[in-house]
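Peer 1: Mind folding the following:
(chains A and B)
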Amino acid sequence: MSPPDLRTRGRWPPPEGPRAAIVGSRRPSPYGEAVAEQLGLELARAGVIVVSGLALGIDAAAHRGAVNGGGVTVAVMGTGVDVIYPAAHGVLAEAILAAGGALVSQFPDGTAPRRHNFPARNYTMAALADVVVVVEAAEGSGALITAEAALDLHKEVMAVPGSIFSPLSVGTHSLLRDGAGLVQNARDVLAALRLGGEVLDDPLATPKNLGFKLPGERDGILSHLSDVLALNAAEVARKLQLPIAEVLGRLTALELDGAVRRHQGGYVRALRRGKERA
Amino acid sequence: MLVGLDARPIHVEADIGRGEVAFMLVGLAATTVKEARERVRSAIRNSGLEFPTTRLTVNLAPAEMRKQGTALDLPMAVAIALARAGKAAPPHSAFLGELALDGSVRHVDGVLVAARGLSTLGYERVFVPAADAAEATLVDGLEVIPCASLIGVVNHLLGAEAIAPAPRGAFVCVAATDIEHDLTEVHGQEEAKRALEVAAAGGHHLLMSGPPGAGKTMLARCLPGILPPLELAEALEVAQVRSLLGDLPREGPLDWARPFRSPHHGVSMAGLIGGGSGLAQPGEISRAHHGVLFLDELAEFQTPVLQALRQPLESGRVNITRSGGSVTYPARFTLVAATNPCPCGWAGDGVRGCRCTPGAVDTYQRRLSGPLLDRIDLQVAVRRVQLELLASEARGESSATVRERVVAARRLQQERQGCLNAQLKPARLRQLAGLAPESRRALERWGAHRGITARGFHRAWRVARTSADLDGSAQIEEHHILEALGFRLQDVAA
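Peer 2: Residues are numbered from 1 along each chain as shown, chains lettered A, B, ... in the order given. Model (predicted):
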């Protein structure tokens, strides 16, 4: 089935090449966001066109990664191509266009965001991609619609595993149980796209290749923090049997060093150092 | 008469002249005062006194001031009775009270305020309704004559039968007031408890964000218990506001416990800030003076109502202008606000997921941002405590223990600067709250890293000063600054 007529901005059709859709929650954990950005970056570097939906969260991280990787990325929108939604993504949309990517939409110009338009957009996204990678999706997430569409269209569906404690893993884990491809790094996706490169079976070997940098273990607090589930200062203090005032101070010091981040009213380990995004 | 917390004396003159029967009342009397003619006439007759049968003129001076309220009943009746008896009023004496038709004297609001005002104006004796006598005796150096009935007052003034002055109440400062909600009742939540301690010690405002059932209300109710009891002057100021509203208990009008007010989020501007027709009445913020104002569901309050909090938060008083004039009420309270992180309340909860769209969460949080949030020094996320912790026996510190540290830290601040840290302006902060070099570096690094505003910078500095005071440390060390920087909400839901 061919995708419906599209309104486009930027370079369309995009250069020849494999296309991978990266989709997922609009409210990911820092882990999911880091994964999406990393996958976007590495796939773009490998010459894969990254397709996503310009939404908050996973979508934005994937686009951003692809742009940072110097690659072409396509945003499939649920609004008219001239209506950036969410409005905060105006800058990101410009960056996508500037990097040689495109904004495309099956809806007429001027279409405002409407709840019922997004499932159709999700279907289009699947149609435009060769493989759909789901990164963090809670039960009932729109990303699962894209995955279902991909199955209908006989395209490959892959998923990134998450923490069993996180509600954001429910969707991805059920995909994996139903036979979706396991994604532990960009190579897994490249293999699914028949772009060669050996698949690494040893997940412990991946962090180096993927470029994730875990913060150094020079602080006892860090070893008690997770990178998905937030703990607050009181919980850390209780585990370490330290006074709360001291723990609050040390957590802030770690935050200042970029080793931890605020998340959901608590703290999580930051997966990488470096400058904070706004 | 009272204008806000100011007392304005009114001279009541009565003249019985020749002419046909009439009762003239002059001197810009409002309807409530004009009605007094009927009460005064009946009260005098039913007290067994004779009402003048010729032309009677009662003048209220100064004539250009509009008179309101029923407290003028008693002075008018007394003036008439004295005029008939051909006696002058006793010197340096003031009268206030409402009359019943049978001649008994009824309660009026604001007796304490009136008594204090009269005392500073040089009056030595005040005649008040017997029901309000205890209130008036709180004022030093003022003789209080409790009036049960008009005839009693007249007999007293004519020398027939003296009324004994009300005994001065024995108001010894009670060392420990009962603590209604003790911190030991709150399991876990050490982070929020620490924030409460810092808020109490430095007078900082506090915002708690967390899902329903996390214990935000319970925590807020613990704050009065870790604050020192009111001082005499403070207790009098609190009692004055309550007196104006007629809300003082008859026995033991002085209450040493800090007020705790928690208006519902549907509260109107007039209810929260003060207002009403004519002259403004004090609102919730003035009732919370020297105490705690708890605003639960902060985002549900009307935006203009929240905006109106800015001036009192800054200055500790509120100025309200109504048709009847402009009044100023005290409003130095500690604001404790609580909010859900999103409309459904469950964002950030590990177990239950949030069902709000990101846009809705954004809009919700934006309601809280801006100038009001800028004035709240301490912000803390409160999470639900796991059930096993609730069942555990482990108890935290009691409110009494925490209060000892709070009192010590407050004393340090009073000795150093004569006010609490929360009230320090940036210039005095620089002068009084020295930073150790590494503390300054931490603060500057944070500023460079996160683009923190000047207000945020000083906010952290003030909180760090309080944290150091709780430690008894003269200098602000790095860990004090780091702790202070930790007390801010960012990324509440995402």
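
Peer 1: Need the phi and psi values for the closest residue to B:Leu158 other than its chain neighbours.
Peer 2: Excluding the flanking residues, the one nearest B:Leu158 by Cβ to Cβ, 6 or more residues apart in numbering or on different chains is B:Ala85, at 6.1 Å. In short, each C-beta sits where N, CA and C put it, glycine included. Per-residue torsions, B:Ala85: phi -80, psi -10 (degrees, to the nearest 10).

Peer 1: B:Ser42: neighbouring residues, count only.
Peer 2: Counted with other Cβ atoms under 10 Å in any protein chain shown, residues neighbouring B:Ser42 total 16.

Peer 1: That one: which element?
Peer 2: For B:Ser42, the host element (DSSP states H and E) is helix B:36-46.

Peer 1: And the following helix or strand past that helix, what's buried?
Peer 2: Using DSSP H and E, the helix or strand that follows helix B:36-46 in sequence is strand B:55-61. By neighbour count on 16 or more other Cβ atoms under 10 Å in any protein chain shown, the buried set for strand B:55-61 is B:56-58, B:60.

Peer 1: same deal with stretch A:76-83?
Peer 2: So, applying 16+ other Cβ under 10 Å, buried residues of stretch A:76-83: A:76-81, A:83.

Peer 1: Spell out which residues of the stretch 51-200 of chain B are next to chain A.
Peer 2: Taking Cβ under 8 Å from any Cβ of the partner chain, the part of the stretch 51-200 of chain B that reaches chain A is made up of B:188-194.

Peer 1: from the residues you listed, which ones fall inside helices?
Peer 2: B:190-194 (DSSP state H).

Peer 1: got JSON lines for these, with pLDDT and distance to B:His107 too?
Peer 2: Formatted as JSON lines, these follow (pLDDT from 0 to 100; distance: Cβ to Cβ, whole Å):
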{"residue": "B:Glu190", "pLDDT": "87", "distance to B:His107": "48"}
{"residue": "B:Glu191", "pLDDT": "89", "distance to B:His107": "47"}
{"residue": "B:Ala192", "pLDDT": "91", "distance to B:His107": "42"}
{"residue": "B:Lys193", "pLDDT": "92", "distance to B:His107": "42"}
{"residue": "B:Arg194", "pLDDT": "93", "distance to B:His107": "45"}
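
Peer 1: Identify, from these, the entry nearest to B:Ser467.
Peer 2: Closest approach between these and B:Ser467, by Cβ to Cβ: B:Arg194, at 9.3 Å.

Peer 1: for the stretch 301-450 of chain B, what spans make up the strands?
Peer 2: Secondary structure of the stretch 301-450 of chain B by DSSP state E, counting those that start in this stretch: the strands cover B:317-322, B:325-330, B:334-339, B:378-381.

Peer 1: for those, which one sits closest to A:Leu128?
Peer 2: Closest approach to A:Leu128 among these (Cβ to Cβ): strand B:378-381, 40.4 Å.

Peer 1: B:Arg462 is in contact with B:Lys425, isn't it?
Peer 2: No: using Cβ atoms under 8 Å as the test, B:Arg462 is too far from B:Lys425 to be in contact (9.9 Å).
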